[in-house]
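# Okay, structure incoming, though there's no sequence with it:
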């Protein structure tokens, strides 16, 4: 049983930084792609960043390139999302997802999800 648990959200001001964590458990994740998505009120869940656990291949949405960094710590079975230069439009619930093998940018392609963590950026 795969379990994903996000943490690290909060209320910050524009220009601040936050680091989100996604603790994964339940199986070995070496064959998994781990993705960060976000969902603002009234909007669909949108892709933010993803990483292939074993190869370390990374992909970002254009809206966060140069500001956000995804990484993983295999010893801790944890994926991180370092968010710098936050903007009010980054406000959303951030979710961690997992799927086998390949990175995808569509939320429906992910099989497992955490409960989400709220990020609010004030102007």
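It's in. Computed from a prediction, not measured in an experiment: that's the story for all the values here.
# nearest spatial neighbour of the spatially most central residue of the chain, skipping sequence neighbours?
When the chain is reduced to its mean C-alpha position, the nearest residue by Cα atoms, centre = their mean turns out to be residue 36, at 2.2 Å. Excluding the flanking residues, the one nearest residue 36 by Cβ to Cβ, 6 or more residues apart in numbering is residue 48, at 4.3 Å. Placement of C-beta: from N, CA and C, glycine included.
# so where does that neighbour fall, helix or strand?
strand 46-52 (DSSP states H and E).
# Show me what secondary structure element comes after that strand.
Next along from strand 46-52, by DSSP H and E: strand 58-60.
# Only the buried residues of that next one, if you could.
Within strand 58-60, the residues that qualify as buried are 59-60, counting by 16 or more other Cβ atoms under 10 Å.
# That one pairs with which strands?
When sheet partners are counted by DSSP bridges, strand 58-60 sits next to strand 46-52 (antiparallel).
# returning to what we had before: what's the strand holding residue 48 in contact with?
Residues from elsewhere that reach strand 46-52 (Cβ atoms under 8 Å, 6 or more residues apart in numbering): 32-39, 57-61, 64, 68-72, 79, 81, 94, 102-107.
# buried subset of those residues?
Applying 16+ other Cβ under 10 Å to the contacts of strand 46-52 flags 32-38, 59-61, 64, 68, 70, 72, 79, 81, 94, 103-104, 107 as buried.
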